[in-house]
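**Student:** here you go, sequence then predicted model.
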Amino acid sequence: DTGVSQDPRHKITKRGQNVTFRCDPISEHNRLYWYRQTLGQGPEFLTYFQNEAQLEKSRLLSDRFSAERPKGSFSTLEIQRTEQGDSAMYLCASSLSGQNREQYFGPGTRLTVT
Amino acid sequence: DAKTTQPNSMESNEEEPVHLPCNHSTISGTDYIHWYRQLPSQGPEYVIHGLTSNVNNRMASLAIAEDRKSSTLILHRATLRDAAVYYCILRALNNAGNMLTFGGGTRLMVKP
């Protein structure tokens, strides 16, 4: 257990439905990251927050995806109008700010879109 | 970020040392070398990082070539729990957000 928790751990949804995932980082960590991992591939960066500010978004983050971190603590990642291509593991990580700080990853939320 | 090349898979015997190679011929002088690993059904976990000098910690050692075009992660005594995918990642100095760019990694299998 790294101290980063994600909920739910698994989600099955039908195409076109909206889904929301939650990440609770290590409490003193001001940075929070979202990554997506498909089967057999390494994780891909989606977006990150420093406190409540979303500082960077990958081109992978289409306009159907939105992430928030309202009080600089937990974060949510919402996918609207899900597509089968959204099926993946969604990983959250947190860290302190500064160069080369290690990221602590949660167990991930596995999304299956049918 | 500069690209890394790793073997797709490697095999080791339990309790023997393991040397996991990574090539990064286009590394720039300010790129840090990070290693993460991902155990089955878990998120990645940090292993070690370095810039120029060799580094040791409780998990592993990182040996960096003098020209920095390659590095090797060394597990001194592999256990079954070390079976994982190992990722070698370069982090550029201007990557202020410390975002990680994962490649395909090396899948390490440890035989009892």
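**Tutor:** Everything's here; your move. Residues are numbered from 1 along each chain as shown, chains lettered A, B, ... in the order given.
**Student:** between the two ends of stretch B:63-78, how far is it?
**Tutor:** Taking C-alpha to C-alpha, to the nearest Å, stretch B:63-78 runs 17 Å from one end to the other.
**Student:** how far off centre is that stretch?
**Tutor:** Offset of stretch B:63-78 from its chain centre (C-alpha atoms, centre = their mean, to the nearest Å): 8 Å.
**Student:** contacting residues around that stretch?
**Tutor:** Residues from elsewhere that reach stretch B:63-78 (C-beta atoms under 8 Å, 6 or more residues apart in numbering or on different chains): B:12-25, B:27, B:29, B:33, B:35, B:47-48, B:50-55, B:59-62, B:82, B:86, B:88, B:108, B:110. Every residue, glycine included, has its C-beta placed from N, CA and C.
**Student:** so which of the residues you listed sit within strands?
**Tutor:** Mapping the contacts of stretch B:63-78 onto strands (DSSP state E) picks out B:12-13, B:18-23, B:33, B:35, B:47-48, B:50, B:55, B:61-62, B:86, B:88, B:108, B:110.
**Student:** separate out the buried members of the residues you listed.
**Tutor:** Listed as buried from the ones in strands among the contacts of stretch B:63-78 are B:12, B:18, B:20, B:22-23, B:33, B:35, B:47-48, B:50, B:55, B:61-62, B:86, B:88, B:108, B:110; burial here means 16 or more other C-beta atoms under 10 Å in any protein chain shown.
**Student:** where does chain B dip in pLDDT?
**Tutor:** B:1-2 (pLDDT under 70).
**Student:** which residues of it lie near chain A?
**Tutor:** With C-beta under 8 Å from any C-beta of the partner chain as the criterion, chain B comes near chain A at residues B:32, B:34, B:41-46, B:49, B:85, B:87, B:91, B:93, B:97-105.
**Student:** whichever of those end up buried, select them in PyMOL.
**Tutor:** In PyMOL, a selection of the buried entries from the residues of chain B next to chain A looks like this (16+ other C-beta under 10 Å):
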select buried, chain B and resi 32+34+43+44+45+46+49+85+87+91+97+98+99+100+101+102+103+105
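**Student:** out of the residues of chain B next to chain A, name the ones that lie in strands.
**Tutor:** B:32, B:34, B:45-46, B:49, B:85, B:87, B:91.
**Student:** mind listing what's buried in the helix or strand in which A:Thr112 is found?
**Tutor:** In this structure, A:Thr112 sits in strand A:109-113 according to DSSP states H and E. Applying a neighbour-count criterion of 16+ other C-beta under 10 Å, the buried positions in strand A:109-113 are A:109-111, A:113.
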